[in-house]
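**Student:** Give me the fold of what follows.
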Amino acid sequence: MNKKHYICLGGCKGVSDNHGICQSESCVNHNHELVECSCIDGTHNDFKSCVNCGAICNGACGVEEFKSELN
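**Tutor:** Sure thing, here's the model as predicted:
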């Protein structure tokens, strides 16, 4: 899974090849935009976003004080 894809951070753990919104009616992020992810291992960084920039954090954002919150 090396190509760009989009995931839902609302708990349903939805994954899509296309940009869009969460369509799971039982998800807390229903109708919210999916977030771009470019992970290469298929784990989607455990569906966690960086508390600083909101992007899917792979630990390479350089914001040391926030990295501990992702573990």
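**Student:** For the chain, just list every one of the strands.
**Tutor:** Ranges of strands in the chain, per DSSP state E, are 5-7, 15-16, 35-37.
**Student:** Listing partners with orientation, what would you give for the first one?
**Tutor:** So that's strand 5-7. According to DSSP bridges, strand 5-7 forms sheet pairs with strand 15-16 (antiparallel), strand 35-37 (antiparallel).
**Student:** what's it in contact with?
**Tutor:** The contact list for strand 5-7, computed with C-beta atoms under 8 Å, 6 or more residues apart in numbering, reads 13-20, 34-38, 44, 47, 56. Every residue, glycine included, has its C-beta placed from N, CA and C.
**Student:** Can you flag the buried ones in the residues you listed?
**Tutor:** 14, 34-35, 37, 44, 47, 56 (16 or more other C-beta atoms under 10 Å).
**Student:** of the residues you listed, closest to Lys3?
**Tutor:** Cys37 (10.2 Å; C-beta to C-beta).
**Student:** ok, the closest one to Ser24 distance?
**Tutor:** The span separating Cys37 from Ser24 equals 17 Å under the rule C-beta to C-beta, to the nearest Å.
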